[in-house]
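Enquirer: Take this sequence and fold it.
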Amino acid sequence: MVFVFACSSLVCANMEMGMSGAAVQRLQYMLIDAGYLSDGADGVFGAATRDAVTRFQAAKGLDADGVVGTRTLTALAETGKKKTNNSAQNIWGKRRMIMHATAYSAQDPGNTGITARGHRLKRGIVSVDPSIIPLGTKLYIEGYGYAVADDTGGAIVGKRIDLGMDSNREALRFGRRNVVVHVL
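Expert: The predicted structure follows:
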């Protein structure tokens with residue numbers, strides 16, 4: 001997976017410890033893809049992210065200061081391109097598909113907060129059509145993270161997926177969009 005950073009998305013600023021947001025989350029996904037971060041992509045530039053950046057910078061011969069500027073982002077993007085270009089198969093798993101995604105939460109009206117498999121609905125739980133993705137399947141969803149197919153829904157038919165969120169507000173903010181789903 002290769003993320004492209006434009007100046008408008010970062011306002012041409014460095015990323016460093018204490019920052020948070022979508023740009024930091026994209027950075028974290030790049031670090032995960034490069035093999036330097038394993039804690040997940042929560043969008044918060046904390047100690048684990050800083051340590052991953054510092055290790056990456058040192059390995060690439062950059063100033064290992066833990067601050068992400070243009071040179072570090074360019075090196076990360078090049079690492080992602082090489083990994084994608086050198087792989088004849090899907091690097092994440094067995095298959096990849098584009099699905100139409102919506103989001104939901106336990107706080108949504110009429111929702112019991114319990115999935116079809118009996119688990120508590122939270123981020124990382126997704127609703128799928130079991131004829132497309134069997135329940136219990138582990139997934140990686142670009143822009144969302146790792147997930148488990150654990151729920152079904154009447155409107156979730158075919159290549160549709162409903163992403164579990166921790167709050168109704170977060171689900172509404174997600175809206176509707178197409179996502180790339182990797183079956184692990």
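
Enquirer: so after the least confident helix or strand in the chain by mean pLDDT, what's the next helix or strand?
Expert: Least confident element among the helices and strands of the chain, by mean pLDDT, DSSP states H and E: helix 7-10 (a mean of 40). Toward the C-terminus, helix 7-10 is succeeded by helix 22-34 as the next helix or strand (DSSP states H and E).

Enquirer: what angle do whichever helix or strand comes after that following helix and helix 22-34 make?
Expert: Of the helices and strands lying after helix 22-34 in sequence (DSSP H and E), the nearest is helix 47-59. Interaxial angle of helix 47-59 relative to helix 22-34 (axes from the mean of the first three to the mean of the last three C-alpha atoms, to 10 degrees): 60 degrees.

Enquirer: partners of the strand ranked longest in the chain in the sheet?
Expert: The single longest strand within the chain, with elements called by DSSP state E, is strand 95-105. Strand 95-105 sits in its sheet next to strand 160-165 (parallel), strand 177-183 (antiparallel), going by DSSP bridges.

Enquirer: out of those strands, which comes closest to residue 68?
Expert: Of all these, it is strand 177-183 that lies closest to residue 68, at 23.8 Å by C-beta to C-beta. From N, CA and C alone the C-beta is placed, and that goes for glycine too.

Enquirer: what does stretch 117-125 contact?
Expert: Applying C-beta atoms under 8 Å, 6 or more residues apart in numbering, the set of residues contacting stretch 117-125 from outside is 104-106, 111, 113-115, 135-136, 145-148, 150-151, 164-166, 170.
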